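**Q** how would this look folded up:
(2 chains)
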Amino acid sequence: MSEITLAEAVTQALAYEMAHDENVVVLGQDIAVNGGVFRTTVGLLEKFGPERVLDTPLAESMIAGISIGMATQGLKPVAEFQFMGFIYSAFDHMISHAARMRNRTRGRLSCPLVYRAPFGGGIHAPEHHSESTEALFAHVPGLRVVIPSSPARAYGLLLAAIRNPDPVLFLEPKRIYRLHKQEVPDNGEALPLDQCFILREGSDITLVTWGASTNESLLAAAELLKQGIRVEVIDLATIKPLDIVTIINSVEKTGRCLIVHEAARTCGVGAEIAAQLAEYALTSLAAPIKRVTGFDTVMPYLKLEKYYIPSTERIVEAAVELMEYQ
Amino acid sequence: MKIFRLPDLGEGLPDAEIREWYVKEGDEVTLDQPIVAMETAKALVDVPSPYTGKIIKLYGAQGDRINTDDPLVGYEGEPANAEETERADSGTVVGNIPTSNEIIKEAATGVSASTAARSGLHVTPAVRALAKRLNIDLAEIQATGRNGMISLDDVKKAAETQSAANTSNTDSPNTTEGSPLSQARRAMANAMSLSHREVVPVTLVDDADLHAWTGQNDITLRIIRAIAKACNTEPMLNSTFDGKNLSFRLNSEINLGIAVDTPHGLYVPVIYDVDHQDDATLRATINRFKQQAQDRSFSPDELKNATIILSNFGTVAGRYANPIVSPPMVAIIGVGKLHDDVVANNGQMEIHRRLPLSLSIDHRAITGGEAARFLRVVLEELAKASL
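**A** Next comes the predicted model:
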């Protein structure tokens, strides 16, 4: 078995589930003949045919809408938006219909669909191609928001998302699509949704992050270890619903919390984590909760994006400040 | 192979059609030699060779449409730049995706981390800030708040108590600042506070009957030897106890701390490994301690690692006491004033010399039975005629 990238792990999960569940269909722009703009659907058309692998017109609202129709009538569509920045025209379908179909029909209909979208910056892309607006969706009741940070988690979490009986927004951190490789057995084993994953154990600081920022967070943790600061790195993985218990347990151990996300600061998911820690773990905190995030501005173009995305240096600096707090 | 890409043959033309190849694969060509006729929307253009060399691949046949900047001809030789290489699929339509061959070795579910809560005080930030402002040590505060937490009132009360204590201890009622304690008294205060917070003490008292003593007896030595014998019989009383982790360690050596009263405060120098010291050495050590107490010349090493303590207050006054156990030790023996008692012996009244003993133990670590058996050995040893 060879090691595969996060992008290839997405393909592997899609192919596995399509082979084992004939109700799974994939759709989106350029996903069939072309194999997807990031090659995450390569080979699916050849394997499963045009009935189950559908190229759609360039119309995100329509992609979201027909997925809902399919899902409520027994299919399990996995729809791809080419970039997160193009999702907004599909808001009405996602929020007003997909997220509340179960509630609206009092459980008669559910909406077992997955909306996939590459998200985040760091690939020198033009405008609309570097968004990290996961908090917009985390705010919507009825939507799960899931973000993998490694090939193995992409595989296991995407399988779990497809099998979940309710709508899941599955955001793929494109900056790390091919940054690492990992052995990912194609055994169809899903990972648990709604659960954090502790990537490094530590006793001084709890660092909570997700998506591509796990990369810089792990580099920072290794750097901090050289300074004697032991950081527990937690990959949030499921943004909504939040596994706050794992985070609280860690903060009760460390007394300090650092939240790292690429998304803009104000009302980011980090703010929700900080609020819940203030509510449930206040007396364990030896220092104020700290955030290293993007800025409250439009994601800049390629020359400036490295200043926007939380860097290893910014994370290390914030961690040292946390330790020095008296 | 180096690649020659179709140049823009007009002004922003997207593509052109191959009208006629002048060369075939394997031909040698020279610089500027026409190699192909391309038809654009406006004209027929001969494309000259950019290199001298051998052609090994033609990208397309007559009638094929070639996009501007796509490969047209492949020449033998190494590409001089990226432009001349066959471009691989970059796997994205915008920007570029960073790639590497680094292999991640972690489990999909990460690691399992310990969830042991940090030892520490649970207090709200406001309480922590108030304690800091009033210079109150949170560890010293009696918590009465919800869930055993220290409240703002607890901190205020502690501050009042501290300020009242400072006032009452001053010689002049006009000064509010107290006199700071000497180092020895400070150490005593801390040790006693710790004991009061943690230890669950039990004190057992009895009198040793010295009536059978014959010849010259060094009473201090007799007491030390009796304690050592009792420690060997009931080793738990010579152990150290960790109340936080609920664990104990039996000590292989008996290190006897001797409480010594001085004008500067209480000192507890230690006689190490009592069992392996002869009488003369023990006596010399005790005499040296008395001298050192007068001029406060104990070295820190002589005041550490006691495993059990002897406090001989009886040389001054008092029969019984409740000696305070000093953690992590679990026992202390107080010796009161030597005196004559009327005792009943076989129905007769007799007058015997008796030595009052008070044994305190930490009931968290020591059972009542262990304490009583320990005391019994001390009594039996002291009842013997001589060492």
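
**Q** so what's the residue count around residue 228?
**A** Using chain A. 8 (other Cβ atoms under 10 Å in any protein chain shown). Backbone N, C-alpha and C define where each C-beta goes, glycine included.

**Q** switch to chain B, please.
**A** 21.

**Q** quick one, what contacts it?
**A** Shown in contact with residue B:228 (Cβ atoms under 8 Å, 6 or more residues apart in numbering or on different chains): B:254, B:256, B:274, B:275.

**Q** secondary structure class for the last one?
**A** In other words, residue B:275. helix (DSSP: H, G, I helix; E, B strand; the rest coil).

**Q** rewinding a little: which pair of the contacts of residue B:228 spans the longest distance?
**A** The two members of the contacts of residue B:228 with the most space between them (Cβ to Cβ) are B:256 and B:275, at 10.0 Å.

**Q** and the stretch 51-200 of chain A, which of its residues are near chain B?
**A** Residues of the stretch 51-200 of chain A lying close to chain B (Cβ under 8 Å from any Cβ of the partner chain) are A:82, A:122-126, A:129, A:150-153, A:155-156, A:174-184, A:191, A:197-200.

**Q** hang on, the earlier thing: so between residue B:256 and residue B:275, which is more surrounded?
**A** Legend: neighbour count by other Cβ under 10 Å for residue B:256 and residue B:275, higher for residue B:256 (25 against 12).

**Q** by mean pLDDT, flag the weakest helix or strand of chain B.
**A** helix B:152-168 (a mean of 76; mean pLDDT, DSSP states H and E).

**Q** that helix close to chain A?
**A** No. Against chain A, helix B:152-168 shows no contacts by Cβ under 8 Å from any Cβ, the least distance being 13.2 Å.

**Q** my read: residue A:149 touches residue A:234, true?
**A** No. At 10.7 Å, residue A:149 and residue A:234 do not qualify as touching, with contact defined as Cβ atoms under 8 Å.

**Q** how close does residue A:223 get to residue A:217?
**A** For residue A:223, the distance to residue A:217 (Cβ to Cβ, to the nearest Å) stands at 11 Å.

**Q** quick one: buried residues of stretch B:328-340?
**A** B:328, B:329, B:330, B:331, B:332, B:333, B:334, B:335, B:336 (16 or more other Cβ atoms under 10 Å in any protein chain shown).

**Q** okay if I get those residues as a markdown table plus distance to chain A, pLDDT and secondary structure?
**A** Compiled in a markdown table, those are given as follows (distance: Cβ to the nearest Cβ, whole Å; pLDDT from 0 to 100; DSSP: H, G, I helix; E, B strand; the rest coil):
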| residue | distance to chain A | pLDDT | secondary structure |
| --- | --- | --- | --- |
| B:328 | 24 | 92 | coil |
| B:329 | 30 | 95 | strand |
| B:330 | 31 | 96 | coil |
| B:331 | 35 | 96 | strand |
| B:332 | 37 | 96 | strand |
| B:333 | 42 | 97 | strand |
| B:334 | 42 | 96 | strand |
| B:335 | 47 | 96 | strand |
| B:336 | 48 | 95 | coil |
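
**Q** so after the longest strand seen in chain B, what's the next helix or strand?
**A** Taking DSSP state E as the criterion, chain B has its longest strand at strand B:348-362. Per DSSP states H and E, the first helix or strand lying C-terminal to strand B:348-362 is helix B:368-383.

**Q** neighbours of residue 85, how many?
**A** In the absence of a named chain, this looks at chain A. 20.

**Q** was after chain B, sorry
**A** Neighbour tally, residue B:85, other Cβ under 10 Å: 14.

**Q** in this structure it contacts residue B:79, no?
**A** Yes. Using Cβ under 8 Å, residue B:85 makes contact with residue B:79 at a distance of 4.5 Å.

**Q** ok, and the closest non-adjacent residue to the residue in the stretch 151-300 of chain B positioned nearest to chain A?
**A** The stretch 151-300 of chain B approaches chain A most closely through residue B:151 (11.7 Å), counting by Cβ to the nearest Cβ. Once flanking residues are discounted, residue B:151 sits nearest to residue B:145: 3.4 Å by Cβ to Cβ, 6 or more residues apart in numbering or on different chains.
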